[in-house]
Each structure stands twice: as structure tokens, then as C-alpha cells.
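Enquirer: Based on what follows, work out the 3D shape:
(one chain, ligands or ions: 1)
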Amino acid sequence: MPDTHALVEPSAADQVATYDAIVVGAGISGMFMLYRLRELGMTARVFEAGTNVGGTWYWNRYPGARFDSESWTYGYSFSKELMQEWDWKEHFSPQPDTLEYLNHVADKFDLRRDMQFRSTVTAAHWDDATGQWTVTLEGGQQARSTFLCTAIGILSAHTLPAIPGRDSFQGPAYHPARWPHAPVDFTGKRVGIIGTGATAIQAIPEIAKQAKQLTVFQRRPNWAAPLHNAKIDKAEMEAIKARYDEIYAHCASTAMWFIHQADPRKTLEVPPAEREAFWEKLYGEPGFGIWLGNFRDIGVNEKANAAISDFIARKIRQRVHDPKVAEKLIPKDHGFGSRRVPMESGYFEAFNRDNVTLIDTLADEPIECITPKGIRTTKQEHEFDVLIYATGFDGVTGAFDRIDIRGANGLRMKDAWADSPRTYLGMLAEGFPNMMMVLGPHTARGNIPQAIEHTVQFQTGILRFMRENGYTHVETRPEEVEDWTRTVIEAAEKLLSSKVPSWQTGVNRNVEGRNVPRVLGYNGNGVHFRRKTDDVAKGGYKEFVFR
Ligand code: NA7
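Expert: Got it, this is the predicted structure:
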């Protein structure tokens, strides 16, 4: 008798691989999520658009890209062995070293065997009947899972400038988040760069050293302060390793999970000379101290903020030789620290070079269009060999918007979040069962890798709890979502930053409908956030619905 089974073609449904969990993204979040899912004995598949691990540090290969957080507080802390074997070479790690570190982590824990690269997720649909997510990739491949973990980053949806003629430029044009893998040689080149955010502030001093001519098109200046990076020698690294427990415990005890702790004094209560000396000290020290270790009211009190802004403005005037250029580099529309403060290495001095020109596109020369030869302003056409669009990202929700995510009853995430994201702790979103968001909107962020580790711990805690109790379905409770959303909005209202347009408040004028500030993160104290999540876990996750 012939074996008829052998003749039956498998149906399309049979060909769809099924996992316990699908993770979208192989950056710091996705890598750690995979590690923890495996520990739970779950089957998991990671889909990643790039050709390797690293996320932000895979994509952003532009000259000058580096941490502006201390390297030794910005790696994984889940493995003491990993911490002891990895030597950070610089206090603020440059992108190539960070990418090497993340590849080392992927090798050490054999992560790539559950990862599929060159795999952009275009859709993720929840099916109420089967209690499963179906994930679709750009090429049409599909996979199913009980849980969906979004590890898509807060700054991964890069945006190009919405300027007429953008695609007509005949030379190479780069966005820093899609930088070529081979170094770009600017020698003898006329380079134009649009944007003066954290990315451009890192790139400009480096490109200026090589280019024949660098023209910076600035729409609105940003406050920036010196990074004071330095190498770490063997002895110093050993000393850091010996203190890791203490360092990480200290970070967990600060509001933003960095080593920096706000000074408990209020700015205007401190005598001016003492205040000035304190600011001089902070300005001379490495890292975010001038922002996060400053007097505790600079982010909430307008007079205090005006005082520190005046101090930083004086520093810019001292560092930039041409007073007219210095004035253009000083922000007048927002105070120091009310947008994310980029830390710089020779940014202001770059404008003292003969080969660097600053163009103020708001006051002096608005950009009219991009042409085949360069950029036309209201005054002239500037010709370039290379253009750089350092024009940022559709922050926090942008990466979600690029995937067609549909939850219970076909609810589209874009519709659900049209006014505001609705989440519980930024961990799960209302209406999207079994979807865990790492760095989702309305969560606490601060020190990003530490936020990631905390979030993944919390979420895999839920998964363990579900397994122990025989549950397969988790969702948020409406009253808890309401309460958390209110908490997040109230925490933001006190801050001067909540009114200032930036990626942090979800404003990106290159994206339709993104011109009104929104609250996209939990800006309360990170210590309170940790306590809250720990209490939810200890209490048996009563704030969620399981079945
Ligand atoms: P940012 O900080 O959002 O900066 C983008 C810059 O590009 C900013 O100066 C914008 O000016 C400018 N921009 C954007 N679109 C245009 C157009 N159409 N015309 C002229 N200028 C434009 O992004 P980054 O990549 O620098 O940094 C993102 C984060 O990455 C950073 O905060 C770190 O956390 C790491 P605007 O201020 O909107 O006037």
C-alpha cells in the first residue's frame, strides 16, 4: 500500500514556526530578553532588521558616536563573570568598542542561534481565538507565539528632514543611524550637515578635523557641556571591577540610575559665589554631573534654571571666539537641561576653525530646498560633496508606529495610542494581551541598560508566575492603566522639560501629526519606580488579569 501521507503537501499553516515567545529586536533589550526566556526554558525567536546584534550600537556608526554615560555603569550587570572579564577601554565607550562588547555578549551566551537577522517585522497581530501572536516579516515570512516581546528601542525610527528636493542630491547623503559600515572619508570634501542634536554634537568636531569645509545648518541650538572622556588603564579597570557591586547598588539608589545624584540644595538658597564654584567644579568633571548632579530644582524652578542657563551661556561665550557665532550657539527658547543634554568633546571649539561655518536657519538663512548640488537657502545655494541628515528620530512611539500592531478585537495600536499611550508601568499596553514592552512608553528610563535589565527582570517574573500558576494569558486592568497614566502625566507636569518640544516629548516636525508635546516616559524618581514594580511582583501581580 502506498504511503499517502508522504504525498500530502503541508498546508501553509503547518509551515509557520511557533514559539513560546517572539522578540522583536536584537539590541541590548532583545539580547537580554532572549537570555532570560531561555533560562525559563521557553522557546524563543528574535527577529532583527540588521545583520547582527547591537541595536543602537549596530546602526549608529557615525564618527564621534560614543556613550555619554560612564561605560562601567552602562553594560549588563546580570552576569558577574561577564563584568569581570570585560575591560572598558574608555570612561565613555566609543561605538566600535561598545559593538565589540555586545558581540562578545552574544558569543559568550550563544545568543545568535535563536536570532534571525535581515528580518524586519512589519506586522504583529493578536488572535483572540488561538491566544497567539502572528508576526509577519517584510519578505512575507510568518511566525507565531504566545508572547510578543517588543525590544525595538526608543530611538530606532530615524527620520529624514522633510525638506523639498531631499532625494535630488547627487552626492552621497547619510543619516547617522544608517551610517555605512566602511568608514566615510571626508578628506578634501565639502560637507553639509543638517541638525545640531546630540548626534551632530558628537559628529561635528570629528568631521571638522577631516573635511575641507563643514557647513552646519542649525535650526535650534542645544545646550551642551563637556564630556571629559579619558582612557581607562588596567589598574583603574581592576579597581572599578572590585567596586562593581557598590557602583550598581549606588546607581539603583539614584533618581535616574546613574552615578550622579542631585544636590539636595535649592539653587537660589546657595550664595552666588558658592553656587558659581559648585558649577565650575561640575563643568570640569566627566559626564552628566552638570545636569543630573546639579541643584535639585534646576529642572523645575524657572529662576533656578535661568541661573544655570546663564552660567552655561557664559561658558559658550568663553569657548567660541566669534561673539556672533557664540550667540547663535546659545539656546534662547529653552533652558539648560529641559532637553536631553548632549555631552560634547570640542564641539564649541569646532566653530573656531576656519573650515567650519554655522548657518542659523531660523534667523538668517532658512533652508528652501535640497538641490542636486547641495542646499538652497533664502540667500544662496551651498554646494556640497556630501550631506549628513543628523535630523533625529521619531522617539519612543515611532518604532511601534512602523509595525502594524493589532491587539484584542483587532485594536490597532496607532488608534489606541492616538492621543496618548496607555500602559501599565510601560510594561504592558492596554488592549494588547501577552505583549511585553521593553522600554515601552510611560516606563522609567534614565540609565538605559539598567532600565532594560530591570524591565526584563520584571517581565520574566510575570512569565515565571504564569507558568507556576498554569496561566497562558495576561493583560492589564483598566483602572490600573488609568491610575498609572495619571501618575506619569502628573510627574511630567512639574518639569520644565514637559513643555519643550524634543524627541523626549514626542515632537518631530518631519513626521505628520507629531508637532504637539506628549508625555512619553515616567519622569518620577527611579527609586520609587523600582519600589513600585518590586511591590507588584511581591504582591503576586494582582494589578494584572491572568487566565
Ligand atoms: P535630535 O536630538 O532630535 O536632533 C535632531 C536635530 O535635527 C535637531 O537639531 C533638529 O532641530 C534638527 N532637524 C530635524 N529636522 C530638521 C529639518 N527638517 N530641518 C532642519 N533641522 C532639522 O536627534 P539626535 O540624533 O541628535 O539625538 C537623538 C538622541 O540620540 C539624543 O538625545 C541621545 O539620547 C541619543 P530642532 O531642534 O528640531 O529645531
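Enquirer: interface residues of the chain facing the ligand?
Expert: Residues of the chain lying close to the ligand by Cβ under 6 Å from any ligand atom are 155, 161-163, 194-200, 219-220, 340, 361, 390-393, 503, 510. In this view, the C-beta of every residue, glycine as well, is placed from N, C-alpha and C.
Enquirer: Among the residues you listed, name the ones in strands.
Expert: Using DSSP state E, the subset of the residues of the chain next to the ligand located in strands is residue 194.
Enquirer: Weed out the non-buried ones from the residues of the chain next to the ligand.
Expert: Neighbour-count burial within the residues of the chain next to the ligand applies to 155, 161, 163, 194-200, 219-220, 340, 361, 390-393, 503, 510; the criterion is 16 or more other Cβ atoms under 10 Å.
Enquirer: ranges for the strands of the stretch 351-500 of the chain?
Expert: Assignment of strands within the stretch 351-500 of the chain using DSSP state E, counting those that start in this stretch yields the ranges 356-360, 367-370, 374-377, 381-383, 386-389, 404-406, 423-424, 428-429, 435-437, 474-476.
Enquirer: what's the closest non-adjacent residue to the residue of the chain found nearest the ligand?
Expert: As assessed by Cβ to the nearest ligand atom, the ligand sits closest to residue 197 within the chain, at 2.1 Å. Ranked by Cβ to Cβ, 6 or more residues apart in numbering and with sequence neighbours excluded, the top spatial neighbour of residue 197 is residue 392, at 5.4 Å.
Enquirer: got it, and residue 432?
Expert: Take residue 432 and drop its neighbours on the chain: the residue closest to it by Cβ to Cβ, 6+ apart is residue 407, 3.7 Å away.
Enquirer: same deal with residue 231?
Expert: Per Cβ to Cβ, 6+ apart, closest to residue 231 is residue 90, 5.6 Å.
Enquirer: on that earlier part again, now do the contacts for the residue nearest to residue 197.
Expert: For residue 392, the contacting residues are 158, 159, 195, 197, 199, 503, 508, by Cβ atoms under 8 Å, 6 or more residues apart in numbering.
Enquirer: Identify, from those, the entry nearest to residue 375.
Expert: The shortest approach to residue 375 among those belongs to residue 195, at 12.5 Å (Cβ to Cβ).
Enquirer: Could you pull up the residues touching that closest one?
Expert: When contacts are taken as Cβ under 8 Å, 6+ apart, residue 195 is in contact with 161, 217, 218, 219, 389, 390, 391, 392.
Enquirer: hey, where'd the strands end up in the stretch 1-150 of the chain?
Expert: The residue ranges that make up the strands of the stretch 1-150 of the chain, judged by DSSP E, counting those that start in this stretch, are 17-24, 44-47, 115-116, 121-127, 132-137, 142-150.
Enquirer: Buried residues of the fourth one, list them for me.
Expert: Neighbour-count burial for strand 121-127, with 16+ other Cβ under 10 Å as criterion, is recorded at 121, 124, 125, 126.
Enquirer: For the last one, give the beta-bridge partners.
Expert: It stands for residue 126. residue 133 (DSSP bridges).
Enquirer: if I pick it, what's in contact with it?
Expert: Residues near residue 126 by Cβ under 8 Å, 6+ apart: 132, 133, 148, 406, 407, 408, 432, 433, 434, 435.
Enquirer: repeat for the second one
Expert: Residues touching residue 124, when contacts are defined by Cβ under 8 Å, 6+ apart, comprise 22, 24, 133, 134, 135, 136, 148, 403, 404, 405, 406, 435.
Enquirer: For those, which ChimeraX command selects only the ones that are buried?
Expert: Selecting the buried subset of the contacts of residue 124 in ChimeraX, with 16+ other Cβ under 10 Å as the burial test, is done by:
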select :22,24,133,134,135,136,148,403,405,406,435
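Enquirer: Pipe the strands of the stretch 1-150 of the chain into TSV and attach distance to residue 187 per row.
Expert: As requested, the strands of the stretch 1-150 of the chain are arranged in TSV below (distance: least, Cβ to Cβ, whole Å):
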stretch	distance to residue 187
strand 17-24	39
strand 44-47	39
strand 115-116	37
strand 121-127	39
strand 132-137	40
strand 142-150	42
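Enquirer: can you list the weak-confidence ranges in the protein?
Expert: Under the criterion pLDDT under 70, the flagged ranges of the chain are 1-14.
Enquirer: May I ask you to name the longest helix in it?
Expert: As far as residue count goes, and with DSSP state H defining each element, the longest helix of the chain is helix 448-469.
Enquirer: How far off centre is it?
Expert: Mean-position distance between helix 448-469 and its chain equals 20 Å (Cα atoms, centre = their mean, to the nearest Å).
Enquirer: And for stretch 270-280?
Expert: In this view, stretch 270-280 has its centroid 33 Å away from the chain centroid, taken as Cα atoms, centre = their mean.
Enquirer: swap in stretch 281-293?
Expert: Taking the mean of its C-alpha atoms, stretch 281-293 sits 21 Å from the chain's own mean (Cα atoms, centre = their mean).
Enquirer: Stretch 327-341 now?
Expert: Relative to the chain's own centre, stretch 327-341 is displaced by 20 Å; criterion: Cα atoms, centre = their mean.
Enquirer: Alpha carbons of it, as PDB, please.
Expert: Written as PDB, here are the backbone C-alpha positions of stretch 327-341 (Å, rounded to 0.1, in the frame of the first residue of the first chain):
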ATOM      1  CA  GLU A 327      25.300  84.000  20.500                       C
ATOM      2  CA  LYS A 328      23.900  81.700  17.800                       C
ATOM      3  CA  LEU A 329      25.000  78.600  19.600                       C
ATOM      4  CA  ILE A 330      23.300  79.700  22.800                       C
ATOM      5  CA  PRO A 331      19.700  78.400  23.100                       C
ATOM      6  CA  LYS A 332      17.200  81.200  23.800                       C
ATOM      7  CA  ASP A 333      13.900  79.100  23.500                       C
ATOM      8  CA  HIS A 334      14.500  76.600  26.300                       C
ATOM      9  CA  GLY A 335      16.600  76.400  29.500                       C
ATOM     10  CA  PHE A 336      19.600  74.200  30.300                       C
ATOM     11  CA  GLY A 337      18.500  70.600  30.900                       C
ATOM     12  CA  SER A 338      15.000  70.900  29.600                       C
ATOM     13  CA  ARG A 339      16.000  68.900  26.600                       C
ATOM     14  CA  ARG A 340      18.400  65.900  26.800                       C
ATOM     15  CA  VAL A 341      21.800  67.500  27.400                       C
END
